[in-house]
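1. Turn this into a model:
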Amino acid sequence: MTQWADGKQRCFWANPNNPRYIRYHDEEWGRPVHEDRKLFEMLLLETFQAGLSWECVLNKRDGFRQAFDGFDPEIIARYTEEKIEALRQDPAIIRNRLKIRAAVANARVFLAIRQEWGSFDRYLWHWTEGKTFRETGLTHSPLSDALSKDLKKRGMKFVGTTVIYSLLQAVGVIWSHEKGCWLERQKGV
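-> Residues are numbered from 1 along each chain as shown. Below you'll find the predicted structure:
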């Protein structure tokens, strides 16, 4: 593990030279999320990560928040072709046309799930009966396989099992802080 200026050990993936990344690791990653807007934010950001590094996405998070109307799925679900094209020109975000279109489609599916289940939170956490699982060293699992398959069946894009596994880690469904990390034993914080 890397030596950190504050003496705390962190997961191998956290960049000690990026304060934003350190804050994300220490204050957000793995902590259970139950608020639908935050769950949608993480879903949107994880889908943009596909094929890229999380650090790249995290560094553009403020740009995404501005460009995507505060991650409001109701607004995003109504984006027009003009708005999609404007997003493709915005250097503050990742300007991949397919991922931008997926964000709009995924917002619509997110809203449909919320309508069906009462909240996206209820849908997401029902997969584990509200429990957080501890796993490290994986990039997918039977849980992420099943959830990915269900989301794809519902029409979501860029939600392969690896993307979904990352989402589950980010929102605390799966606690993956590594052995030696100062957060390792704080499962379910």
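2. now the strands for the chain?
-> Ranges of strands within the chain are 133-134, 174-175, based on DSSP state E.
3. Please work out which of those is packed deepest.
-> Burial among the strands of the chain, expressed as mean neighbours by mean count of other C-beta atoms under 10 Å, is greatest for strand 174-175, which shows a mean of 22. C-beta here means a position set from N, CA and C on the backbone, and glycine is covered the same way.
4. what does that strand contact?
-> Gly30, Thr132, Phe133, Arg134, Glu135, Ser141, Leu143, Tyr165, Leu168, Gln169, Lys187, Gly188 (C-beta atoms under 8 Å, 6 or more residues apart in numbering).
5. Next, format the strands of the chain as CSV and append mean pLDDT and distance to His25.
-> CSV is the format used below for the strands of the chain (pLDDT from 0 to 100; distance: least, C-beta to C-beta, whole Å):
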stretch, mean pLDDT, distance to His25
strand 133-134, 94, 17
strand 174-175, 96, 13
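6. could I get those strands as a markdown table with distance to Phe158?
-> A markdown table is the format used below for the strands of the chain (distance: least, C-beta to C-beta, whole Å):
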| stretch | distance to Phe158 |
| --- | --- |
| strand 133-134 | 24 |
| strand 174-175 | 19 |
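7. Minimum distance to Arg95: which of these has it?
-> Closest approach to Arg95 among the strands of the chain (C-beta to C-beta): strand 174-175, 30.1 Å.
8. who wins for proximity to Trp4 among the strands of the chain?
-> Of all the strands of the chain, strand 174-175 sits nearest to Trp4, with 20.4 Å by C-beta to C-beta.
9. Figure out how far that closest one is from the centre of its chain.
-> 13 Å (C-alpha atoms, centre = their mean, to the nearest Å).
10. For it, which strands pair with it and how are they oriented?
-> strand 133-134 (parallel) (DSSP bridges).
11. tell me the contacts of the residue positioned nearest the centre of the chain?
-> Nearest to the mean C-alpha position of the chain, by C-alpha atoms, centre = their mean, lies Met42 at 3.1 Å. Contact analysis of Met42 by C-beta under 8 Å, 6+ apart lists Val33, Leu167, Ala170, Val171.
12. can you do 6 Å?
-> Leu167, Ala170, Val171 (C-beta atoms under 6 Å, 6 or more residues apart in numbering).
13. Among the residues you listed, which one sits closest to Phe12?
-> Nearest to Phe12, judged by C-beta to C-beta, of these is Ala170 at 16.4 Å.
14. so how many other residues sit close to that closest one?
-> Ala170 has 24 neighbours, counted by other C-beta atoms under 10 Å.
15. Low-confidence stretches in this protein?
-> 1, 187-189 (pLDDT under 70).
16. Sounds good, over and out.
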